[in-house]
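> Please work out how this folds:
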Amino acid sequence: DPDVVRLLAESYSYYLFQTRNFPWEDPLQGIPGNPTGPLCDVATGLTGFSMIHDWPESSSKLVLTDNMPFIVIGLTHFKNLCGRRNIEVLEADFPEGVPAERRFGFVSANKFLHHLKRSERVQFLQWALGSLETGGKLGILDSDLEHQLLRQAKEPNFKNRLIDGFPETLVEIEKDFCETLVSDVRSAGFKVLHFDFHEYMDETDAYSRLPGDNISFKFFGFEILAERRE
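Alright, predicted model coming up:
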């Protein structure tokens, strides 16, 4: 029901406006404060509320995108409450329903591309290249965390500890995700300025069926900064 979605989104927006109890910390990690042109954040999600709060009023325009009405309505309501004139919220569904005929100085894709199969990621990279101004940059921050969970979920003893239905929500991606992604970034026509990755160990009950049942697993986190060539 659109009216219910709107009321829930605006209520959550009011709550955050009054409490500043944002669901994410350090939302502008890896994002330049004043790019050469507008900055586009891809599949923003709930982190957009803290991005709106932290984005400097003196910076270039920040364009937040998402495909969920709750997010789009909530972010629009929140940025109006905050009186932010240099922020725009767009409904977009990557990689196909993307902002058309727009040019950006920076495109940020944080913790999003692991949700896409490789062919869809290539399609996204082609859009990003065409949407960036000459010299514009693409920033990617991601991990193969969900891939590692899905891989371990093939073992019945591990899967039985996970929230019911959780493995079915994950996208099957290649095991060498970070290597293929940086290769695809180059193949799309970008010049890679920075590529770094690290292996991490996590222990959490965030995905567990039972509270307090901590699951341990390793995953790779990585960051890529690439530039559109002349």
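> Please name every helix or strand in contact with the lengthiest helix in the chain.
As assigned by DSSP state H, the longest helix anywhere in the chain is helix 2-19. Using 3 or more C-beta pairs under 8 Å, 6 or more residues apart in numbering; DSSP states H and E, the elements in contact with helix 2-19 are helix 69-81. C-beta: built from backbone N, CA, C; applies to glycine.
> Report the buried residues of the helix it packs on.
The neighbour-count check on helix 69-81 (16 or more other C-beta atoms under 10 Å) flags Ile71, Val72, Ile73, Gly74, Leu75, Thr76, His77, Phe78, Lys79 as buried.
> ok, the residues you listed vs Glu199, which is closest?
Distance to Glu199 across the buried residues of helix 69-81 (C-beta to C-beta) is lowest for Ile71, with 31.5 Å.
> So the nearest residue to the closest one once chain neighbours are set aside, which state does it fall into?
Closest residue in space to Ile71, ignoring its immediate chain neighbours: Gly45 at 6.2 Å, by C-beta to C-beta, 6 or more residues apart in numbering. Following DSSP: H, G, I helix; E, B strand; the rest coil, Gly45 is assigned to coil.
> where in this protein is pLDDT low?
Scanning the chain for pLDDT under 70 picks out 33-34.
> As a check, name the ranges of all strands in the chain.
Ranges of strands within the chain are 39-41, 62-66, 87-91, 104-110, 132-143, 190-204, 215-228, based on DSSP state E.
> want to try a markdown table for these, with mean neighbour count and distance to Leu150 as columns?
Below are the strands of the chain laid out as a markdown table (neighbours: other C-beta atoms under 10 Å; distance: least, C-beta to C-beta, whole Å):
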| stretch | mean neighbour count | distance to Leu150 |
| --- | --- | --- |
| strand 39-41 | 28 | 26 |
| strand 62-66 | 24 | 24 |
| strand 87-91 | 19 | 29 |
| strand 104-110 | 23 | 20 |
| strand 132-143 | 20 | 13 |
| strand 190-204 | 13 | 15 |
| strand 215-228 | 18 | 11 |
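> Nearest to Glu10, out of these?
Closest of the strands of the chain to Glu10 is strand 87-91, at 13.5 Å (criterion: C-beta to C-beta).
> can you give me the angle that closest one makes with strand 62-66?
For strand 87-91 against strand 62-66, the angle by axes from the mean of the first three to the mean of the last three C-alpha atoms, to 10 degrees is 20 degrees.
> relative to helix 69-81, how tilted is strand 87-91?
Using the same axes, to 10 degrees: strand 87-91 against helix 69-81 is 160 degrees.
> ok, strand 87-91: who's next to it in the sheet?
Strand pairing for strand 87-91, determined by DSSP bridges: strand 62-66 (parallel).
> roughly how far is the strand it pairs with from the heart of the chain?
Here strand 62-66 is found 11 Å from its chain centre; the criterion is C-alpha atoms, centre = their mean, to the nearest Å.
> just the CA coordinates of it, formatted as CSV?
Coordinates of each C-alpha in strand 62-66 appear next as CSV, following Å, rounded to 0.1, in the frame of the first residue of the first chain:
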residue,chain,number,x,y,z
LEU,A,62,25.2,14.6,-4.1
VAL,A,63,22.8,12.3,-6.0
LEU,A,64,21.5,9.3,-3.9
THR,A,65,19.8,6.4,-5.8
ASP,A,66,17.8,3.4,-4.8
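> where does the residue nearest to Arg20 when sequence neighbours are not counted sit relative to Leu81, distance-wise?
Excluding its sequence neighbours, the residue lying closest to Arg20 (C-beta to C-beta, 6+ apart) is His53, at 7.1 Å. Note on His53: its distance to Leu81, by C-beta to C-beta, to the nearest Å, is 10 Å.
> Many thanks, we can stop here.
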